[in-house]
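**Student:** Sequence and predicted structure are below.
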Amino acid sequence: YAAFSIAFSTMHILLSYAFILFVVRDLRSIKTESLSLKFIYGGLFFLFLSSLGPWGLVAVVMNGMAGTDLYKQVIYFYLHFQYNGWFVFSLIGLWLWYFEKLGAVFNSKLSSSAFNLLFYSNVAGYSLSLLGFKIPSWIWIIALLSAAVQMLGARKLYKLLFVNEVKVFLKGSIWVQRLFRLSFLCLFLKFNMQLLSSIPELGIPAFISREVTIGYLHLVMIGVVTVGLLGWLAGNELISLNSKLGRIGLSALMAGFLLSEVILFYPALVIWFGVSGIPYFAYYLFYLAGIMMVGSAFIFTGNVLSKKDL
């Protein structure tokens with residue numbers, strides 16, 4: 001790290017605090033309690049909590065412990081509460097707000113149970129990020145329990161959104177439905193992967209393979225967040241996916257993402273079953289990244305052209 005990167009990182013953290021204050025001020029004008037607000041407040045809490053990681057990193061470096069396990073654990077603290085907290089909880093809050101706006105009324109008991117299980121298991125879920133280090137057995141037990149409780153919360157969220165009489169994911173256009181369903185599927189896979197990582201024999205690839213780690217981060221950032229936000233933006237008519245160009249772009253983006261996930265998680269099969277690796281691994285990822293970039297450009301261009309037609 002050098003002066004410029006540290007300066008901009010510090011500015012980002014301070015601006016995130018200002019962002020939290022502005023959002024909380026605006027949310028206070030909403031007098032009605034809702035499930036979407038709970039998740040959005042939860043996301044803001046995790047945004048603040050994650051910011052303690054970079055501050056802790058300063059203390060670690062100043063004490064001459066750069067590159068140590070503690071240094072890495074502080075970084076994982078930041079990443080965990082960013083990816084699994086701020087991103088995921090805020091996105092779920094936006095989903096729920098969208099469906100509440102369409103008239104969905106959620107079961108209050110089931111809603112409260114789903115939120116509490118997901119929120120508190122995510123706090124304890126930081127222990128999952130420590131499984132690659134030498135840790136006492138009680139931390140491993142907390143990690144296993146938090147992953148199991150998180151899966152229970154995910155099941156209740158699924159029941160809330162898909163199974164009960166509301167069936168909110170059947171609302172909106174077919175493209176919005178598909179995006180929301182794919183985003184939720186990726187979210188459910190994320191929870192499953194965290195549970196599997198708590199089992200030592202199965203979790204080894206997550207800690208020794210950089211590709212598997214990147215695959216997990218892409219699953220959250222692209223599969224859950226990007227896909228979910230595209231659905232939310234399209235559902236709120238902030239972007240249009242109705243043009244032929246936009247649909248082609250969306251299909252290319254999804255295809256590139258899904259195929260890249262297969263390639264990134266393939267090393268886990270190599271470790272588990274000793275199968276042969278993929279030749280020219282990096283080239284395939286480069287080509288798929290190019291497909292996703294072109295798909296994104298098509299979505300943008302189709303959206304611009306559709307607005308001109310209006």
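**Tutor:** Perfect, I can see it now.
**Student:** use CA for all of it now, contacts and neighbours both
**Tutor:** Fine.
**Student:** Now for residue 151: which residues touch it?
**Tutor:** With contacts defined as CA atoms under 8 Å, 6 or more residues apart in numbering, residue 151 is in contact with 191-192, 195.
**Student:** Most neighbours of all those residues, which one?
**Tutor:** Neighbour count (other CA atoms under 10 Å) singles out residue 195 as the most crowded of the contacts of residue 151, with 22 neighbours.
**Student:** Just say helix, strand or coil for that residue.
**Tutor:** The three-state label for residue 195, taken from DSSP: H, G, I helix; E, B strand; the rest coil, comes out as helix.
**Student:** what's the neighbour count on the residue lying closest to it once chain neighbours are set aside?
**Tutor:** Once its chain neighbours are removed from consideration, residue 195 has its nearest residue in residue 147; the separation is 4.8 Å (CA to CA, 6 or more residues apart in numbering). Residues within reach of residue 147, counting by other CA under 10 Å, total 27.
**Student:** Which positions within whichever helix or strand residue 147 is part of qualify as buried?
**Tutor:** For residue 147, the host element (DSSP states H and E) is helix 137-158. Using 16 or more other CA atoms under 10 Å as the burial criterion, the residues of helix 137-158 that qualify are 139-140, 142-154, 156-158.
**Student:** before we move on, what about stretch 60-76?
**Tutor:** Using 16+ other CA under 10 Å as the burial criterion, the residues of stretch 60-76 that qualify are 60, 71, 73-76.
**Student:** Could you do stretch 27-47 as well?
**Tutor:** Buried residues in stretch 27-47 (16+ other CA under 10 Å): 34-47.
**Student:** can you give me how far it is from the chain middle?
**Tutor:** Relative to the centre of its chain, stretch 27-47 is centred 18 Å away, using CA atoms, centre = their mean, to the nearest Å.
**Student:** Report the mean per-residue pLDDT for that stretch.
**Tutor:** For stretch 27-47, mean pLDDT rounds to 91.
**Student:** Using CSV, write out every CA atom in it.
**Tutor:** The C-alpha atoms that make up stretch 27-47 are tabulated as CSV, following Å, rounded to 0.1, in the frame of the first residue of the first chain:
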residue,chain,number,x,y,z
LEU,A,27,-35.6,5.9,6.2
ARG,A,28,-36.8,7.5,9.4
SER,A,29,-39.5,9.3,7.4
ILE,A,30,-41.1,5.9,6.7
LYS,A,31,-43.3,5.2,9.7
THR,A,32,-44.5,1.8,8.7
GLU,A,33,-42.5,-1.3,9.9
SER,A,34,-41.7,-3.6,7.0
LEU,A,35,-39.5,-6.7,6.4
SER,A,36,-37.6,-4.8,3.6
LEU,A,37,-36.6,-2.1,6.1
LYS,A,38,-35.2,-4.7,8.5
PHE,A,39,-32.9,-6.1,5.8
ILE,A,40,-31.8,-2.7,4.6
TYR,A,41,-31.0,-1.6,8.2
GLY,A,42,-29.2,-4.9,8.6
GLY,A,43,-27.2,-4.2,5.4
LEU,A,44,-26.2,-0.7,6.7
PHE,A,45,-25.1,-2.2,10.0
PHE,A,46,-22.8,-4.7,8.2
LEU,A,47,-21.4,-1.9,6.1
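**Student:** which residues make contact with that stretch from outside it?
**Tutor:** In this structure, residues lying in contact with stretch 27-47 by CA under 8 Å, 6+ apart are 16, 20, 24, 81-82, 85-97, 106, 111-112, 115, 119.
**Student:** got it, and stretch 48-68?
**Tutor:** Counting contacts by CA under 8 Å, 6+ apart, the residues outside stretch 48-68 that touch it are 13, 16-17, 20, 70-71, 74-75, 77-82.
**Student:** okay if I get those residues as JSON lines plus secondary structure?
**Tutor:** As requested, the contacts of stretch 48-68 are exported to JSON lines (three-state DSSP):
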{"residue": "13", "secondary structure": "helix"}
{"residue": "16", "secondary structure": "helix"}
{"residue": "17", "secondary structure": "helix"}
{"residue": "20", "secondary structure": "helix"}
{"residue": "70", "secondary structure": "helix"}
{"residue": "71", "secondary structure": "helix"}
{"residue": "74", "secondary structure": "helix"}
{"residue": "75", "secondary structure": "helix"}
{"residue": "77", "secondary structure": "helix"}
{"residue": "78", "secondary structure": "helix"}
{"residue": "79", "secondary structure": "helix"}
{"residue": "80", "secondary structure": "helix"}
{"residue": "81", "secondary structure": "helix"}
{"residue": "82", "secondary structure": "helix"}
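**Student:** distance of residue 79 from residue 111?
**Tutor:** When CA to CA, to the nearest Å is the yardstick, residue 79 and residue 111 sit 27 Å from each other.
**Student:** Which residue ranges of the protein form helices?
**Tutor:** Secondary structure of the chain (DSSP state H): helices located at 3-27, 35-62, 69-80, 88-101, 108-124, 137-158, 174-197, 200-208, 210-218, 227-235, 244-273, 281-309.
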